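Visitor: sequence first, then the predicted structure:
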Amino acid sequence: MSDNISKGDLNVLVDFLSQDPQPILTNNKKVRQFEEEWGSWLGMPNNLMVNSGSSANQITFLALRQMLPEGAEVIVPPITWVSDISAVLQNGFTPVFCDINPKTLAIDEDDLLDKITRKTKVVFLTHVLGYNGLTDKILKLCEDNDLILVEDVCESHGATFKGQKVGTFGEISNFSYYYAHHMTSIEGGMVSTTDPEIYQLCRMFRSHGMLREATDDAIKQEYINEYPDLNSDFIFTEAAYNFRSTEINAVLAHNQLKRLDGNNKRRNENHYTFINNLNSERFRTDLNHEGNSNYAFTPILNEPDFALRDKTEERLNKYGIEFRRGLSGGGSQIRQPYIEKYIKNFNIKINGIYRAPNPLDYPKADHCHHFGWYIGNYPDLEESKIKHITEILNED
């Protein structure tokens, strides 16, 4: 990644910091300005900037915990980032893993149908590495079963389903502005929602749970009336945290948003160059590319072959091509050691003994864990370099 923060971005930051009098640097007008701009670009009415995509995950499920205080099952994919699963676990929900669709790398609609129970209340779908993960059937299953759809779009800014941006189909969506993502604020994230109640909860929970962060006067007055002995500026509605972003992050995000669509177009052009030059007899080239807003190249072996996998990685290392095995999040989260620490949270018992989920029960995700990679894509990546990568991958 050579160009995600440009000289122009740095100049904008210098200009902002050089003002006289010195500007406010904590969460203020620039954050609010970017939230409005993001909402206009995305098409969502309520948007809250936070300090990372992981914080967006956490604050989302902290809010959902208020709406579902008895807990619930949340359907999640194995191929995702750790913070998706940790947000579910740490807020008292039961994660239920669902295998992936190898063409979208997201939740498989048929396995989703099998995993829905009377305890299921939320589907947490990750749009992996720029691919749209939605299908008509997934949306219909959520609607028919009255399920809250949460979209993780941290790696897929600008991806679409049927011409509509992903992140606008669910009640809540999460975005990340980490340095290497489609756009960056160095660190940063966003919670976008159609639900005014969730928005008010997230506003408070972004700032230690403080009531004064709410913009709904009725909510404020209800707490003030109930707790008259408290200073109304310091009523903490929940044992929450500081998820706030800064003005510096917002200034950078504002400047980055201006070129997001253009950069996405170039990323997609790079993606098609990669796919069109990749050996389809060895690698999967039949993923669903429609609506893609490519984040990274995703070579995945057609067939399981550990010897070929290791040989491929040796060649990539030899030529200095950086890669990550396992696709998003380092592969299947089911195989990660933290899962064992939360074994009782999964509520899986065999002969009365708690068991962790078995990764072999999710064969499509496990194939990607062992035999899939991602290789970085960025807007000014030269065509010759892309073809060089495919030559290395295709080499016998």
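Guide: In hand now; what should we look at?

Visitor: wait, a helix at Lys103?
Guide: No. Counting by DSSP: H, G, I helix; E, B strand; the rest coil, Lys103 is not found in a helix; it is coil.

Visitor: what separates Gly352 from Thr94, distance-wise?
Guide: 18 Å (C-beta to C-beta, to the nearest Å). In this view, the C-beta of every residue, glycine as well, is placed from N, C-alpha and C.

Visitor: who's more crowded, these two?
Guide: Taking other C-beta atoms under 10 Å, Gly352 and Thr94 do not tie; Thr94 has more neighbours (19 against 5).

Visitor: how about the more buried one, nearest residue that isn't a chain neighbour?
Guide: Leaving aside its chain neighbours, Thr94 sits nearest to Glu73 (4.8 Å; criterion: C-beta to C-beta, 6 or more residues apart in numbering).

Visitor: give the bridge partners for the one you found, please.
Guide: Taking DSSP bridges as the rule, Glu73 bridges to Thr94, Thr120.

Visitor: how about the helices in the stretch 101-250 of the chain?
Guide: 109-115, 136-144, 196-206, 217-226, 247-257 (DSSP state H, counting those that start in this stretch).

Visitor: quick one: closest of the ones you listed to Asn394.
Guide: The closest of the helices of the stretch 101-250 of the chain to Asn394 is helix 109-115. By C-beta to C-beta, the value is 32.1 Å.

Visitor: ok, and what's touching that closest one?
Guide: Outside helix 109-115, the residues that touch it by C-beta atoms under 8 Å, 6 or more residues apart in numbering are 75, 96, 98-99, 101, 123, 135, 137-138, 141.

Visitor: weed out the non-buried ones from the residues you listed.
Guide: 75, 96, 98-99, 101, 123, 135, 138, 141 (16 or more other C-beta atoms under 10 Å).

Visitor: now tabulate these in a markdown table and tack on pLDDT and distance to Gly8.
Guide: Output for the buried ones among the contacts of helix 109-115, formatted as a markdown table (pLDDT from 0 to 100; distance: C-beta to C-beta, whole Å):
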| residue | pLDDT | distance to Gly8 |
| --- | --- | --- |
| Ile75 | 98 | 42 |
| Val96 | 96 | 46 |
| Cys98 | 97 | 43 |
| Asp99 | 98 | 44 |
| Asn101 | 98 | 39 |
| Val123 | 98 | 40 |
| Thr135 | 98 | 39 |
| Ile138 | 98 | 40 |
| Leu141 | 98 | 45 |
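
Visitor: how distant is the lengthiest helix in the chain from the center of its chain?
Guide: If you go by DSSP state H, the chain has its longest helix at helix 260-276. Put simply, helix 260-276 sits 20 Å off its chain's centre (C-alpha atoms, centre = their mean, to the nearest Å).

Visitor: so which elements touch whichever helix or strand comes after it?
Guide: Counting by DSSP states H and E, the next helix or strand C-terminal to helix 260-276 is strand 296-297. Applying 3 or more C-beta pairs under 8 Å, 6 or more residues apart in numbering; DSSP states H and E, one finds that strand 296-297 contacts helix 260-276, strand 373-376.

Visitor: what lines up beside strand 296-297 in the sheet?
Guide: Strand 296-297 has these strand partners (DSSP bridges): strand 373-376 (antiparallel).

Visitor: point out where the protein drops to low pLDDT.
Guide: 1-2, 349-351 (pLDDT under 70).

Visitor: could you chop it up by domain?
Guide: 7-257, 261-394 (automatic domain parsing).

Visitor: most tightly packed of those domains?
Guide: The highest average neighbour count among those, using mean count of other C-beta atoms under 10 Å, belongs to domain 7-257 at a mean of 20.

Visitor: tell me how far the ends of that one are from each other?
Guide: Chord length of domain 7-257, first to last residue, is 15 Å (C-alpha to C-alpha, to the nearest Å).

Visitor: go on, stretch 352-368?
Guide: Terminal residues of stretch 352-368 are spaced 32 Å apart (C-alpha to C-alpha).

Visitor: can you list contacts of it?
Guide: Contacts of stretch 352-368 (C-beta under 8 Å, 6+ apart): 77-79, 97-102, 105, 108, 300, 304, 326-327, 331-332, 334-335, 339-340, 343-344, 346-349, 369.

Visitor: sheet-wise, list the partners of the helix or strand Asn47 falls within with their directions.
Guide: Asn47 is part of strand 46-50, with elements assigned from DSSP H and E. In the sheet, strand 46-50 lines up against strand 189-193 (antiparallel) (DSSP bridges).

Visitor: distance from the strand it pairs with to the middle of the chain?
Guide: With C-alpha atoms, centre = their mean, you get 10 Å for strand 189-193.

Visitor: what angle sits between it and helix 247-257?
Guide: 70 degrees (axes from the mean of the first three to the mean of the last three C-alpha atoms, to 10 degrees).

Visitor: any residues touching strand 189-193, and which ones?
Guide: Counting by C-beta under 8 Å, 6+ apart, 35, 38-39, 42, 44, 46-56, 59-60, 154, 167-168, 171-177, 199, 202, 245 sit against strand 189-193.

Visitor: again with stretch 181-188
Guide: 4-5, 49-52, 130, 154-158, 176-179, 245, 249-250, 252-253, 256-257, 260, 263-264, 267, 293, 295.

Visitor: likewise stretch 327-347?
Guide: By C-beta under 8 Å, 6+ apart, stretch 327-347 touches 78-82, 84-86, 89, 94-97, 105, 126, 128-129, 155, 298, 300, 324-326, 354-359, 362, 365-366, 368-370, 372-374.

Visitor: again, only this time at 7 Å
Guide: The contact list for stretch 327-347 (C-beta atoms under 7 Å, 6 or more residues apart in numbering) reads 78-82, 85, 89, 94-95, 97, 105, 126, 128-129, 155, 298, 324-325, 354, 356-357, 359, 362, 365-366, 368-369, 372, 374.

Visitor: please apply the same query to stretch 298-316.
Guide: Counting by C-beta under 7 Å, 6+ apart, 129, 278, 282-284, 323, 327, 367-368, 370-374, 392-393, 395 sit against stretch 298-316.
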